[in-house]
Each structure stands twice: as structure tokens, then as C-alpha cells.
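> I would like to see how this sequence folds:
(chains A, B, C, D, E and F)
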Protein chains: 4
Amino acid sequence: MLPPQPARRRRKDARPTEIADAALALFSERGFAATRLEDVATRAGVSKGTLYLYFPTKEDLFRAVLRQGLLPNLEAMEHAVAADQAPAPVLLRQIAGRLLQVLDTNLTAIPKLVLAESGNFPAIARMYADEVVMRAMALLTSILNRGIERGELRRVDPQSAIPTFIAPFLMMALWKHSLGQHTQIAIDPKAVMETHMDILLRGLEPRS
Amino acid sequence: MLPPQPARRRRKDARPTEIADAALALFSERGFAATRLEDVATRAGVSKGTLYLYFPTKEDLFRAVLRQGLLPNLEAMEHAVAADQAPAPVLLRQIAGRLLQVLDTNLTAIPKLVLAESGNFPAIARMYADEVVMRAMALLTSILNRGIERGELRRVDPQSAIPTFIAPFLMMALWKHSLGQHTQIAIDPKAVMETHMDILLRGLEPRS
Amino acid sequence: MLPPQPARRRRKDARPTEIADAALALFSERGFAATRLEDVATRAGVSKGTLYLYFPTKEDLFRAVLRQGLLPNLEAMEHAVAADQAPAPVLLRQIAGRLLQVLDTNLTAIPKLVLAESGNFPAIARMYADEVVMRAMALLTSILNRGIERGELRRVDPQSAIPTFIAPFLMMALWKHSLGQHTQIAIDPKAVMETHMDILLRGLEPRS
Amino acid sequence: MLPPQPARRRRKDARPTEIADAALALFSERGFAATRLEDVATRAGVSKGTLYLYFPTKEDLFRAVLRQGLLPNLEAMEHAVAADQAPAPVLLRQIAGRLLQVLDTNLTAIPKLVLAESGNFPAIARMYADEVVMRAMALLTSILNRGIERGELRRVDPQSAIPTFIAPFLMMALWKHSLGQHTQIAIDPKAVMETHMDILLRGLEPRS
DNA sequence: CATGAATGAGGATTCATTCAT
DNA sequence: GATGAATGAATCCTCATTCAT
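As a prediction, the model looks like this:
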């Protein structure tokens, strides 16, 4: 038999996550400084005081928000890394597909937030750069290198090629949370992704 | 004899620009809400009260900052448009080269700022989307279309191909003002640009 | 058993009134613009921030102060109206007696305040003129007219006679909150009132 | 031949008066604290800096404004005093007539101003009470006493009777600069004065 | 645990005053 | 003398944080 799990308790456990979700939404929409904790509380359906039961300060909440948004990202990457043995072009397409899916989640709010607040939170900027960016770059570098070694890809400098691969995804994530909210210009992520991978992989094809 | 140009006057004319420059730097570094007007004043070398001689409110200063950062951008694009008749790959390389130069200026602070504050200033987001993004997209679309018609480029959907071209430049601009300040990870814009254009133009080459 | 009435709650309900009382005192003493909200807070025994829990802006506080000072005035007048059937001289003496009592309350601060700030708050001036002055004039006009019809008073133009009746009371109210605070000149409201009514009623006696 | 009187010079001499006039108008309209010196300067047709050529501080300007508005008042009263030998009722009518004329001038702004600012400027309140009010009361007291002694007036306490005489004039002066600006309620000063003197003098008639 | 009233430090804005021209 | 650009002290208002209930 399972141990009894009172609804109350489950609710309580979910609180921090609910609050962090609400905070992520508002921080990403308005920025950290311009977001009032009262609004976060309202959006999370709790009182202002309750926030302080879980997060000692606004800055702590901010860190929790990012930690919560970061870990899944990292894990997703670890999985991608596991899909080891396929040819580089296939791997890249797999990753692209996964990133396309991520575009539909609210994880996309994180990059905008880190970007906007890196000036005020150097520690977070450093952490994000070292934990997320560095790892992602290492992953992509190893994929590219392996592809080059195996002759699946043309010889290029991996460090320099990474932005070409990754930037359009970042741009779409940022767009979604900024100008995309305020303009008629429509971006079709799937079409963009496919054209992008098409151009990229042709551009990386070994000379025929 | 030259007409007498009192130092006071020369100073006065420059004030709004000096202030807006200081504001751009700080807004871009810390965000709009987190920037104290007193710091803007100090950085511009004036007193707090002087700001109000030129900008009625903090928000007006914000708008002026963006207007000042936008107009040069727009004009730069018009010039690019003028360079009409060259083959598409050449044109794209020209634009890439120009964007690489822009990366060295403080104009790169604008995108981060617009991005971060679009939620709080929808009018500015709209303006930026319509005036800057739309025009830039139209320009690139026409270049791609011409190139396709002339057989200089492979047939692709221009709308979907634009992010592949532009995103790495945007990413480098954002990087410079965010994580780039806080990490050892070095990005060499010139190398990235060259690899990027290399991949992109190969990826757009007509079938041989 | 009485329902528990937490001290906190009782306190809270009284707050707006306490604050408005403090504000009335200071506004009347120094004027609206010259009164610092911090002083109002101190006098009301609360902190600066607490003011804003109850009154969104300084101007709102001002309006609340006047509303609070106006309603009792109006009601007092309604009561006076009710004392209908006595002869006009008796009625006038009754009203005079009541006004004499009002002179001992802090309601007398209102006229000075309305007077001083009518230029900055036209809406309040209009409201006061229409709600308070107009009603008071209508009341006195009807008393005078009835007295004249009944032969209790000599025939005079009521509109023109009202200032003779009311002005000394107004003057004493203003005096109390202005010069009266700063001079040795003593005014004995009771004696003034009696002499005043004596002169007035003789002056209004029908020809003998 | 007259000494040459350059227009420039005459203008210069008038400056302080022009400025004080402008200040009186604005102080009386908005109160001392709520009046900006820049507005005074604009209304007087000079620059902000010029004010300081004539009045070292805002408070000095305030004092000058009142001094300028006070002296004529005092002198007017001296003249009234001089008209010594007429019977009291005649004298009172003369004074009433003169006050009626004063109602058409901008001197009427003074009482409102003194009233409103007595809390912030005790010295001025004292001065006004002692110089203006005291003297006016002494004058009226002597007139009433003389009238009583001569049997022209009924025996009353002069101190207590003065408000009955003077208050309606004060009230009309205040009205003109406050509610009178914001309501349809019309007050006809001449009719009020005549009815007032009519009631008053009948009320003071010796027993017939 | 949860609430929301209360607090006060911080920052935008105003305006009396100064002073170089 | 006259000007108006510049200054910074003063004050309104906001909001992160505390704490009695």
C-alpha cells in the first residue's frame, strides 16, 4: 500500500514551483526590477506574505526561478548527448527537433531573463555561461568534431560554426517573448527550422 | 572670422546626446527599471535636475535613447539597399561585413534593451518591429528573391531563410552585452562571421 | 458573549478617520501644498507608507478630509431645517446658537481650507459652493421669507441680508485658525454672537 | 525744464511693483507654497533670474507683497479717521462706501493670503493683526463710542459690535477670490452693503 | 502555515536658488 | 542689469520586507 498522501500536503509541496512559475512569467514579461512581488503572489494565488515562507528575498526567488528553468534544460541536453552513435547530420537534426519542441514551452522565457539581468546578477550570468552555454558548446563541438572526423561534415572550425546552428533557435525564443507579442510579423518555427537545417547541413556537406 | 561659438552653447547643444548616451549604456547594462536617474546624470557629468531640462520623465528619456539608437540603424540599412546591382552572395557578404562593424559600436546595446523592455513598452516594441525588423526583413527578402531569380542562389523560402542569416549577428550583439561580460568563453566575431557566411552561402548555392 | 473584536481590527477601521483628522489639522494650519505627508503620518501615529494604504495620493487625502468635514455640516443643517415652525427670530437665534457651538469644534478648519485651496481645486470649490453654501443660503432665505410673510420681520431682500447674518460667524471661524493664533486681541464668541443677534434682530424688526 | 526721465529708468523703477503685483495675484490664487517663482516671473514679464535682483528669497517677495498691499490699506484708514466730526451713522456709511470701492481693487486678495499663510508666517500674522486689525478696531471703537456718547447710537459693547459691521465686507472680499470664481451664485456687493448698513444702523438706533 | 497591515529605505520629480554669460 | 541653464535639497510615492494575528 502506498503511504497516504493528503491533498493538502501535495498542494503545499507544489507551492514553491507554482510561485516560481508565476515569477518566471512576470520576470520574463517585465524584467526583474519592474516586477512587484505582490503581482507574483497574486498570479500564484497566494498572499504576499506567503512568498517569504518559501523565498527569503526577491533575489532568492529570482535564483530559484532560474535554477528551476535551468535544470530541465541541462537534463534535456544530457539525453541528447546519450544519443551518441548516429551520424552528425542526424544528431543535429534530432537536436533541432528537440529545440523546436522546447520553443513551445515556457522554458523559452529563461534566456530572455538571463540576458536582461546578467548585468545585475553577474553570478547568475557566470553560472549560466559556465553551466549551460559551455556545456551546450562542448556538446555541439564534439558532435561537429566527430562528424568531421568521420567525413560526414566538411572541415570547419566548430567554435565558429556553433552560432550558425544555434542562433536561430535562440532568436525565435527571444522573439516569442518580446517583439513577437507586439507585431503582426509571423514566424513559423517549424518552417524556419527546416529551412535552417536544410541550409546548414548543405553548407556543411563535404565536397562532393 | 568665425562666428563666436560660446563654449556654453556648444555644451548645451550636446547635452541631450550626452545624456542619452549615458542612459543607453546604463539601461542596457542594468535594464530600464533598475537604472537610477542619478546614475545616468553622474555618468553624463550633469546633475539630476539637468536631466529634467531635456527629458520630462524617465520614460521620455527611454524613448529618446531608442530613437537616437534607431535612426542610424535605419539609415545604415538604406545605404545597404542602395548597393543594388551586385550578385546576391556579394551583397550578403557586404551586409555581413557591415554588421560586423556595427558589432564594435554601442548600437549593439539597443536590441538587448528593446528585447528586455518590450513587455513594459509595447509601443516601442511595435515601433521597433515595424520600423526596424520589418524593413530589414523586406531588404533581405528582396535580396534573396533577386538572387534566386538570377540563379545565384538555390530556391528557398526567403522568410524562413532570414533567421539563418541574421540570428548569429543578433546573438553576438546580445552576447557582447550580457554573458560576454561575465565569462571566459571568447567569441571571435570575425571568425564566426566568416564561418557563418561560408556555411550559409554554400548552403544556398544552386545545385551543381 | 460578545463577538471577539480584535484590537488590530478596531484600530484598522479607525485609521482613515485618524489620518484624515491629522491631515485636516495640518492642512488647515499650513495649507495643502506646505503640508508634508510625513508630518500627517507622524501626527496620525502611523508611518508614511501607511497613508498610501488608505489614500492613493495626497490629493485623494485632501478630498477625503473635506468630505469628512462636509457631511456633518450638511446634516447639522438638515436638522436646523427641521426646527420648522418657530417664529423667524427664534429660529435665527437657534441657528446662531448652534453655529456658536460649532465654533468650538475643529469643523471650523474646513472653511479656511476650502477658501485657501479653491484656486487649486476648482471641483472642490464648486462642490462646496453648490452643496454647502447654496443649501445654507436656501435655508436662510426661506426662514427670512417666512418671517417677512408672517410679519415677524421687516421687509428686506433676503439674498442681501444673509451676509449680515452669517458673516460674523464665518469671520470668527477663520479668525480662530489664523490671526487668532498669533495675537493678543481676544474675541469672545458668545458676546459677539449676542451683540450680533441683538443688532440684527432689532434691525429686522418690523416698523413699530 | 524737467529733468530727463529715460523710459528705461522708469521701467526699472516699476519692476519691483510689477513683480509684487504678479506675485500677489498668484499667491492669492494658489497659495504661497503652490506658486512657482517661474510663474511669477512669467506673469511679470521677466526672467526667473531677474526676480532675485529685487527679492533675495521667495519669502522676501512674500513680505514685500504684503507690505505693498498693507500700506495703502492703512493710509486709507487714516483718511477715514480724519473725517472726524460727522455723526457716527454718517461716518459708518462713509467707511462702508469706501470698503465697497476697495472691493473692486486687487487689494482684496490680501486678506485671503494673510489668512491662508498665517500659520506659516507667524510674524506676518502678528504684524497684520497688530497693524491692521488692531488699528481698524480702534478706529471703529472710537466711532461707536463717540456715537453712543452723543446719543446717535444705542448703547452696545463696541468690541462685540465690530464683527457685525466689518464681517460682511471681509466675507465678500474672500468670496471674490475663492468660491466666487467657481460658482454661479452671484453676490451683488452694492445691494449687500446697502441692506447691511440698513439693518445695522436700524439695529443700532437709540430707542425711540 | 497563511495572511495582509504596517514599515521605511529608495528613487522619480519639482522648484528655489545660483551664476556664467 | 538681465538671462536661463544648472544645481541639489526637499518631497511624493513605491514596494521589498516584517510581523502580529
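
> In chain A, which residue sits closest to DNA strand E?
A:G49 (2.0 Å; Cβ to the nearest atom of the strand). C-beta: built from backbone N, CA, C; applies to glycine.

> what's around that residue, how many residues?
8 (other Cβ atoms under 10 Å in any protein chain shown).

> Let me know the helix or strand that A:I166 is in.
Assigned by DSSP states H and E, A:I166 falls within helix A:158-177.

> buried sites along whichever helix or strand comes after that helix?
Counting by DSSP H and E, the next helix or strand C-terminal to helix A:158-177 is helix A:189-204. Buried positions in helix A:189-204, judged by neighbour count with 16 or more other Cβ atoms under 10 Å in any protein chain shown: A:189, A:192-204.

> ok, back up a step: which strands and helices sit next to the helix holding A:I166?
helix A:88-102, helix A:109-117, helix A:134-149, helix A:189-204, helix B:158-177, helix B:189-204 (3 or more Cβ pairs under 8 Å, 6 or more residues apart in numbering or on different chains; DSSP states H and E).

> CA atoms only for stretch A:31-44, dumped as CSV, please.
The C-alpha coordinates for stretch A:31-44 follow below in CSV (Å, rounded to 0.1, in the frame of the first residue of the first chain):
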residue,chain,number,x,y,z
GLY,A,31,12.0,42.3,-16.1
PHE,A,32,13.2,41.6,-12.6
ALA,A,33,13.2,45.1,-11.2
ALA,A,34,9.9,46.1,-12.7
THR,A,35,8.1,43.1,-11.3
ARG,A,36,6.3,43.6,-8.0
LEU,A,37,6.3,40.6,-5.6
GLU,A,38,2.7,41.4,-5.0
ASP,A,39,1.9,40.6,-8.6
VAL,A,40,3.8,37.4,-8.4
ALA,A,41,1.8,36.5,-5.3
THR,A,42,-1.5,37.3,-6.9
ARG,A,43,-0.6,35.3,-10.0
ALA,A,44,0.5,32.4,-7.9
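
> Would you reformat the helices and strands packed on helix A:158-177 as CSV and include mean pLDDT and distance to B:E117?
Shown next, in CSV, are those (pLDDT from 0 to 100; distance: least, Cβ to Cβ, whole Å):
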stretch, mean pLDDT, distance to B:E117
helix A:88-102, 93, 24
helix A:109-117, 95, 8
helix A:134-149, 92, 27
helix A:189-204, 98, 24
helix B:158-177, 97, 14
helix B:189-204, 98, 25
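
> so which of those gets nearest B:R126?
Nearest to B:R126, of all the helices and strands packed on helix A:158-177, is helix A:109-117, at 17.8 Å by Cβ to Cβ.

> quick check, the closest one touching chain B?
Yes - under the criterion of Cβ under 8 Å from any Cβ of the partner chain, chain B is reached by helix A:109-117 at A:K112, A:V114, A:L115, A:A116, A:E117.

> Which of those has the largest number of neighbours?
Going by other Cβ under 10 Å, A:A116 tops the residues of helix A:109-117 next to chain B with 30 neighbours.

> residues contacting that residue?
A:G31, A:F32, B:G31, B:K112, B:L115, B:A116, B:S178 (Cβ atoms under 8 Å, 6 or more residues apart in numbering or on different chains).

> So the fourth one is in contact with A:L115, correct?
Okay, so that is B:K112. Yes - if you go by Cβ atoms under 8 Å, B:K112 and A:L115 touch, sitting 6.5 Å apart.

> for DNA strand F, what are the nearby residues on chain A?
A:T35, A:R36, A:L37, A:E38, A:K48, A:G49, A:L51, A:Y52, A:P56, A:T57, A:K58, A:E59 (Cβ under 7 Å from any atom of the strand).

> which one of those sits closest to B:I19?
Closest to B:I19, out of all of these and judged by Cβ to Cβ, is A:T35, at 26.9 Å.

> what about that closest one, neighbour count?
For A:T35, using other Cβ under 10 Å, the count is 24.

> follow-up on the earlier one: need the residues of chain A next to DNA strand F in CSV (columns: pLDDT and distance to D:I19).
Output for these, formatted as CSV (pLDDT from 0 to 100; distance: Cβ to Cβ, whole Å):
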residue, pLDDT, distance to D:I19
A:T35, 97, 50
A:R36, 97, 47
A:L37, 97, 51
A:E38, 96, 49
A:K48, 95, 53
A:G49, 94, 56
A:L51, 95, 57
A:Y52, 96, 57
A:P56, 95, 59
A:T57, 96, 54
A:K58, 96, 52
A:E59, 95, 54
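
> can you redo those as a markdown table with secondary structure?
Output for those, formatted as a markdown table (DSSP: H, G, I helix; E, B strand; the rest coil):
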| residue | secondary structure |
| --- | --- |
| A:T35 | coil |
| A:R36 | coil |
| A:L37 | helix |
| A:E38 | helix |
| A:K48 | helix |
| A:G49 | helix |
| A:L51 | helix |
| A:Y52 | helix |
| A:P56 | coil |
| A:T57 | coil |
| A:K58 | helix |
| A:E59 | helix |
